[in-house]
Each structure stands twice: as structure tokens, then as C-alpha cells.
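*Asks:* Quick one, fold the following:
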Amino acid sequence: MGFGVEKVFENLDYLHRLVDSGKFTLPVTLVAPFISKPQASVFTAVCQIRWPLFRTGVRPFFKWRGETNSGFSPEEVIDAEEMAKVEKFPCGQWFDLHILANGYVTKCCIDETGFSGNSDYDVSKHNVLDIYRKWRHRRESLPPRASVDGCAGCYHLG
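*Replies:* The predicted model follows:
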């Protein structure tokens, strides 16, 4: 994100103090994407030592159905018949709030850029609960993902 890991750790330390004091009561999960098993073990151990009140997780690599930075074509990822089944379902990611280190909220765990440049989705400018409420329509109506902007090309059932 361009501002160094020290700032990220400082902010996580602050959030951990809020959790420890009871001022912030929602669960916090730190997730590392696409790392090896040895790296995952180290990540989990470091997080448990430094931030014992946070949960940890490792997101496995998976491919998008549509355009991808990793060079996979849609056909290599999932066939059209399978995708047609998935597009009818909502996504479990809509119930989580994902915040990047720069403060921008993302649509889901695989959105690497979030709402960059959109200050309506910047936790340094807005209350996290208010931002979560902005996406309330997704959670309450549970539309098929094919009808949600940015979700139509994804097959993750998360």
C-alpha cells in the first residue's frame, strides 16, 4: 500500500488495545492471501503472539472466472455450465467487512483494490458500521451474484 508495514502494525496494535479494553467488540480476523504452508504457520504464530485477541486465517489461491491478472482464461477456471449454477446464488462474502491496509473497504476477500478513490468507503473518513450499512441491500435481498456489479464474474461461494 506504500506506507510501510510499521504503520500497519501500529494500527493493528491500536485496534488490539481497543478489543482488549472492550471498546471494540466485533471479531477481527487477520488474513494472509496465497502463502505456502510454512509461511502460513509463521503468520499464524506471529499473529497469535502479537495480537492474541484476533483470529487468523489464510486465504487459498483460487481463480476468477473472468479476467484475471494471473493469465488464466475463463475456460481454464470453470466451465459455463458450472458457472451458470453459481451465478444464481448470493455470496457469503457479503456478510463480512474487508478492510485493506490503506483504509479502503473491499467488496470481498478477493477484491485487491477495494473502492480506491471513493472516500465513501474509507474507514479513516467514515464509521465502519456506516460503511457496512451501505452494502445492506446485498445482504437483505440476497440477489444472484450475476446481478451485483463486480460479482458476476466470480465463482467463489465464500
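
*Asks:* The residue nearest the centre of the chain and L100: what is the separation?
*Replies:* By Cα atoms, centre = their mean, the chain has its centre lying nearest to C109, at 2.6 Å. Here C109 is placed at a distance of 11 Å from L100 (Cβ to Cβ, to the nearest Å). All C-beta atoms are positioned from the backbone trio N, CA, C, and that covers glycine.

*Asks:* Also E10?
*Replies:* Applying Cβ to Cβ, the value for E10 to L100 is 16 Å.

*Asks:* and if you look at V128?
*Replies:* V128 is 13 Å from L100, by Cβ to Cβ.

*Asks:* Which one's more surrounded, these two?
*Replies:* L100 (17 against 13; other Cβ atoms under 10 Å).

*Asks:* contacting residues for the residue lying closest to that one once chain neighbours are set aside?
*Replies:* The shortest distance from L100 to any non-neighbouring residue, by Cβ to Cβ, 6 or more residues apart in numbering, is to G114 (5.1 Å). Listed by Cβ atoms under 8 Å, 6 or more residues apart in numbering, the contact set of G114 reads 98, 100, 102, 104-107, 121.

*Asks:* Just give me the least confident of these.
*Replies:* Lowest in pLDDT among the contacts of G114 is K107, which has 77.

*Asks:* Break the protein into its domains for me.
*Replies:* Split into domains by automatic domain parsing, the chain comes to 1-61, 63-158.

*Asks:* Comparing the ones you listed, which yields the minimum mean pLDDT?
*Replies:* Taking the mean pLDDT of the domains of the chain, domain 63-158 comes last: a mean of 69.

*Asks:* Helix or strand next in line after the lengthiest helix in the chain, which one?
*Replies:* Scanning the chain for the longest helix, with DSSP state H as the assignment, gives helix 5-21. Per DSSP states H and E, the first helix or strand lying C-terminal to helix 5-21 is strand 29-33.

*Asks:* I am finished for the moment; much appreciated.
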